[in-house]
Each structure stands twice: as structure tokens, then as C-alpha cells.
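Undergrad: with the sequence up front, the predicted model follows.
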Amino acid sequence: AQSVTQLGSHVSVSEGALVLLRCNYSSSVPPYLFWYVQYPNQGLQLLLKYTTGATLVKGINGFEAEFKKSETSFHLTKPSAHMSDAAEYFCAVRFYGNNRLAFGKGNQVVVIP
Amino acid sequence: DAGVIQSPRHEVTEMGQEVTLRCKPISGHDYLFWYRQTMMRGLELLIYFNNNVPIDDSGMPEDRFSAKMPNASFSTLKIQPSEPRDSAVYFCASSLGVSEQYFGPGTRLTVT
């Protein structure tokens, strides 16, 4: 079955440290991949996406993600965490032949001063 | 662009009452999605439309839920009768083709 996995519901990171959020999917056909961010009491906002082409994609707020087909992964990183990065982050996948997005369970990121 | 617009932003109602949530998608988008978000179940897709036609309603919890899209710029999600377990944040999202989805701010529903 097609699935999206985000491990670790809560992630704590020190201000200035690397942010790394992992996303893996199960599919033999490369899908379209997305990361969304949700701030408290707001809707989901697109951070970045991968459809085709360059496997390292850059998004807003200094985030980037790399598509690795061999590892079926699309991990999100930011070199230096800022207090404003505290939010929930969702990995989403549009599997081939499917019009809907499959979402991971999300990572709640806490930034420690 | 104003983005996806949802109303009301907050709704408090008593069990048994009818609730109607409204959504205006981004102009020109041909897909519209309704989601529900709770702590227990996370983000769930309820139903989605393409060119105003419902394509997949398999996520609609039960017959108390119904959704319509009478035209390209408006959709409603109705719950009748409402129950406390329907309390959640309901999101509407739209997209152009099967690209990224743009989410509205959500409607926080509380059923007492």
C-alpha cells in the first residue's frame, strides 16, 4: 500500500542548530513530493515541492529538501533554526495516477532558545 | 490573489443542529478539497471535486455529512445533525490540476 512516513511526532532543536525532518514514502514510481508548514491556528502553507528535474529543491524561509529515489525519501532541512520555525511540518505525496495528496502525520517542531 | 477563503472561521453549535461551512477557492483552480483535522486522527481528506463534480467522497464519515459545489467559485460542507465528535478544524484547499494544493485558514467547529 502507498504510504507516507514521518517519524518522531515532536522534534526539539536548539536555536541556530540544524533542522532535519525525515519523510519516506512507499512507491516504485517517483511521485510528486511536498512539504507544508502549519503555524498555530492557521492553514497549511506550501514550503517547497519536487515534481521533476533537480532533486535538491529550495523553498521559503531557508528550507530545502532533497529527493532521493533510491532511498524513497524527501527529507527537509534548514541549516540554522530560528524561533519563528516553531510549527508543525507535514510531508505530502501525490502518488502516480492519484489526484489526492497523502499526508504524513506531521512533526511538531519546538525551537529551544 | 486573496487565496482560499473559508467562512465562518469559528462555529460553536449544539448537538443536533445543522452546520454549514463555506469555501471560495482560488480563481481558476479546478480542484477543490475538503479536509478535517483533529489531534487524534490528524489530517483527513473528506471529499474532492474536479470541475465542480465530486470525484471521491470515500472519506466522508457518514450520511450526516454532505458537500456541494454549485459553481467554480463556491463550495459547502454540511453536517446535519451535528454531533460532539464532529468537533475539529475543517480545511478547504484548491489546486490547478494535480499540482500543489493551497489551503484556506480553516473553520474551527465546536459541537457541544
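TA: Good, I have the coordinates. If you're wondering where the values come from, they're calculated on a predicted model, not measured in any experiment.

Undergrad: can you map out the strands along the chain?
TA: Using chain A. A:4-5, A:10-14, A:19-21, A:24-25, A:32-38, A:44-50, A:56-58, A:64-68, A:73-78, A:87-94, A:102-103, A:107-112 (DSSP state E).

Undergrad: wait, chain B
TA: Under DSSP E, chain B gives strands at B:5-7, B:10-13, B:19-24, B:31-38, B:42-50, B:53-56, B:65-71, B:74-79, B:88-95, B:102-103, B:107-111.

Undergrad: A:Tyr36 is nearest to which of the ones you listed?
TA: Ranking the strands of chain B by proximity to A:Tyr36 (Cβ to Cβ) places strand B:102-103 first, at 7.7 Å. Bear in mind the C-beta positions are built from the backbone N, C-alpha and C, glycine included.

Undergrad: nearest residue to the middle of chain B?
TA: For chain B, the residue nearest the mean C-alpha position is B:Trp34 (3.5 Å; Cα atoms, centre = their mean).

Undergrad: and it, how far is that from B:Ser95?
TA: 13 Å (Cβ to Cβ, to the nearest Å).

Undergrad: ok, the nearest residue to B:Gln17 once chain neighbours are set aside - contacts?
TA: Leaving aside its chain neighbours, B:Gln17 sits nearest to B:Ser82 (5.5 Å; criterion: Cβ to Cβ, 6 or more residues apart in numbering or on different chains). For B:Ser82, the contact set (Cβ atoms under 8 Å, 6 or more residues apart in numbering or on different chains) comprises B:Thr13, B:Glu14, B:Met15, B:Gly16, B:Gln17, B:Glu18, B:Val19, B:Arg64, B:Leu109, B:Val111.

Undergrad: got the residues of chain B near chain A?
TA: Residues of chain B lying close to chain A (Cβ under 8 Å from any Cβ of the partner chain) are B:4, B:31, B:33, B:42-43, B:45, B:48, B:50, B:55-56, B:91, B:93, B:98-106, B:108.

Undergrad: mind giving me the PyMOL command for buried ones among those residues?
TA: Of the residues of chain B next to chain A, the buried ones can be selected in PyMOL as follows, counting by 16 or more other Cβ atoms under 10 Å in any protein chain shown:
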select buried, chain B and resi 4+31+33+43+45+48+50+56+91+93+98+100+101+102+103+104+105+106+108
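
Undergrad: that concludes my questions; thank you for your assistance.
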